[in-house]
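K.L.:
Here's my sequence, what's the structure:
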Amino acid sequence: MPDRKWPSVVSGISIGLFFGASLLGISLASSSHIRTLAVTYLAGYELEGGSGHELNSQPIEREQEDKGHNHANHDHGVEVTISPQARKSIGLREGAVSVQSYSRPIIVPGIIVERPGRSQYTVIAPLTGYVTQIYQTPGDSVSPGDPLFELRLTHEEVVASQVDLLATSEALDVVQRELHRLESINTEGLIAKKRILDQQYELQKLKGRQRAERQALLLHGLSETQVTTIQESRTLLGTVTVRAPREKELVVDDAEGQPMLLLQKLDVERGQYVETGVMLAVVVDHQTLMIDAEAFEKDAIEISEAASEGRAVAAILETASGESREIPNLTIDYLSGEVDAEARTLHFFVSLPNENLSGPVGEFGSSTLNWRYRPGQRVQLRVPIEEWPDRMVVPVNAVAKDGVENYVFMADGNHFHQQAVEVEFRDPRFVVLASDGSIHPGDIIALNSAQQLQFAFKNQSGKNTDRHAGHVH
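P.N.:
The predicted structure is shown next:
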């Protein structure tokens, strides 16, 4: 019978293989193991385990199906686990997805600039002379009327005008005394009336000349106080003090008396000879600056409508930490009257109130202004153009980008699950998520550091095969 011959055939083959391997010096397993291998192979089973002799009596086909099923379960169950140390390192925050109204904006670039004709004031030399003293240095804050420079006068015309004023003042005093004397002794009609009238006319002429000479000195740059001092003291003015501007629209001290002017540029040195009109310094008032924004021509109509309706715009600045700082409730001052012919862009301007931060005290006790916003800083302007009600709005750092996909991370204790989402709109601060059923209001997600979680997720998915692995430190 064929069935009875199979054991003897297998045994014969096994003994032959054993003696053949022994002659070749090959160390093999026991003949019983070889018989087992042969039998299981012929029966359609495979042996599992490298060194043991246990038999896995599962058909090969069924085991391959189970392996594929287990692999599918592993992919479905991948999660990222964040340790407390990692949470603190990346500043991870969690929160619920909320529904709110969203103002769809136009985002345009801009740059902070000074207000033309208001922010800068050029201090010039009022008279010709030598710089004998410099009271302030660049970076110092000054109040209106504070002394900046002292000049020793050398201008001949100024000296001559002072001499003329002194001579006229002396002559005026003489005429006034003479007129007073004549009027005092004319009680008996001894003095001719014509003589008194001549003195009165002379007095009037001298007063007119004195006023003209005072005005000439004022035009040369002297102040009313200085001219009055020359007239009353009967001495020539040898030096003049140049002071910080006093224009009300340019500089005003704050409520606590803190100076709001900053000496930005110094153009002279002590001992330097300067002529009338030469620039001595530049002082600036940065209490209010402007944002020069540049929009595309296609957005001009919507921006014009926003300006006419007085919609509040926001400026966005990038910080060193990568977070965005928003300056809300700004208004558009005016739009340029034309579109740039080359760049095809429209410029518009927004007022920016500045913030004065406390400055350190200098070496010689002088304080300096430390403004939060400075000309030259780059910003982005967020101009609202359309209102979207009932939208799921999350911070921009709550959504990670990976190619064409966008993901949020659902929080479950220290575990985070990746969830693909559809993005309706993204701006520098927020992302509007579509209501496609992938995420719902009230779901707890990571509100920031989503990109770091995405990196951890991809790294774990490429290395781990155990569904419970993936602990991130």
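K.L.:
gap between residue 160 and residue 275?
P.N.:
Distance, residue 160 to residue 275, using C-beta to C-beta, to the nearest Å: 17 Å. The way it works is simple: take the backbone N, C-alpha and C, and place the C-beta from them, glycine included.
K.L.:
repeat for residue 386
P.N.:
Here the criterion is C-beta to C-beta. By it, residue 386 lies 60 Å from residue 275.
K.L.:
Break this protein down into its structural domains.
P.N.:
The chain breaks down into these domains under automatic domain parsing: 2-76, 80-101+388-472, 106-114+286-387, 122-283.
K.L.:
Could you save those domains as a markdown table and add columns showing mean pLDDT?
P.N.:
Converted to a markdown table, those look like this (pLDDT from 0 to 100):
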| stretch | mean pLDDT |
| --- | --- |
| domain 2-76 | 43 |
| domain 80-101+388-472 | 86 |
| domain 106-114+286-387 | 87 |
| domain 122-283 | 84 |
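K.L.:
Now tabulate these in CSV and tack on mean neighbour count.
P.N.:
Below are the domains of the chain laid out as CSV (neighbours: other C-beta atoms under 10 Å):
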stretch, mean neighbour count
domain 2-76, 11
domain 80-101+388-472, 16
domain 106-114+286-387, 15
domain 122-283, 15
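K.L.:
Quick check: residue 375 touching residue 120?
P.N.:
No - Residue 375 is beyond contact range of residue 120, at 10.1 Å (criterion: C-beta atoms under 8 Å).
K.L.:
Need the overlap of contacts for those two.
P.N.:
Common neighbours of residue 375 and residue 120 (criterion: C-beta atoms under 8 Å, 6 or more residues apart in numbering): residue 114.
K.L.:
the helices in the chain, which residues?
P.N.:
2-23, 31-43, 60-76, 84-90, 156-185, 193-219, 224-233, 300-308, 450-463 (DSSP state H).
K.L.:
got a list of what the residue most central in space within the chain touches?
P.N.:
Residue closest to the mean C-alpha point of the chain, counted by C-alpha atoms, centre = their mean, is residue 317 at 3.2 Å. Going by C-beta under 8 Å, 6+ apart, residue 317 touches 324-325, 327, 377-379.
K.L.:
Quick check: bridge partners of it?
P.N.:
Beta-bridge partners of residue 317, counted by DSSP bridges, are residue 325.
K.L.:
and it, how far is that from residue 108?
P.N.:
Computed as C-beta to C-beta, the residue 317 to residue 108 distance reads 14 Å.
K.L.:
What distance do you get for the nearest residue to residue 319 once chain neighbours are set aside to residue 372?
P.N.:
Closest residue in space to residue 319, ignoring its immediate chain neighbours: residue 325 at 5.5 Å, by C-beta to C-beta, 6 or more residues apart in numbering. Distance from residue 325 to residue 372, counting by C-beta to C-beta: 10 Å.
K.L.:
Then residue 421?
P.N.:
Distance, residue 421 to residue 372, using C-beta to C-beta: 36 Å.
K.L.:
got it, and residue 446?
P.N.:
On the measure of C-beta to C-beta, residue 446 and residue 372 end up 30 Å apart.
K.L.:
Partner strands of the longest strand anywhere in the chain, with direction?
P.N.:
Looking across the chain with DSSP state E, the single longest strand is strand 378-395. Strand pairing for strand 378-395, using DSSP bridges, gives strand 98-113 (antiparallel), strand 313-318 (antiparallel), strand 430-433 (antiparallel).
K.L.:
Distance from the chain centre to the shortest one, please.
P.N.:
Spelled out, that is strand 430-433. Distance of strand 430-433 from its chain centroid, counting by C-alpha atoms, centre = their mean, to the nearest Å, is 22 Å.
K.L.:
Likewise for the second one?
P.N.:
The offset between the C-alpha centroid of strand 313-318 and the centroid of the whole chain comes to 8 Å, using C-alpha atoms, centre = their mean.
K.L.:
Redo the strands paired with strand 378-395 as TSV? Include distance to residue 145.
P.N.:
Output for the strands paired with strand 378-395, formatted as TSV (distance: least, C-beta to C-beta, whole Å):
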stretch	distance to residue 145
strand 98-113	28
strand 313-318	34
strand 430-433	48
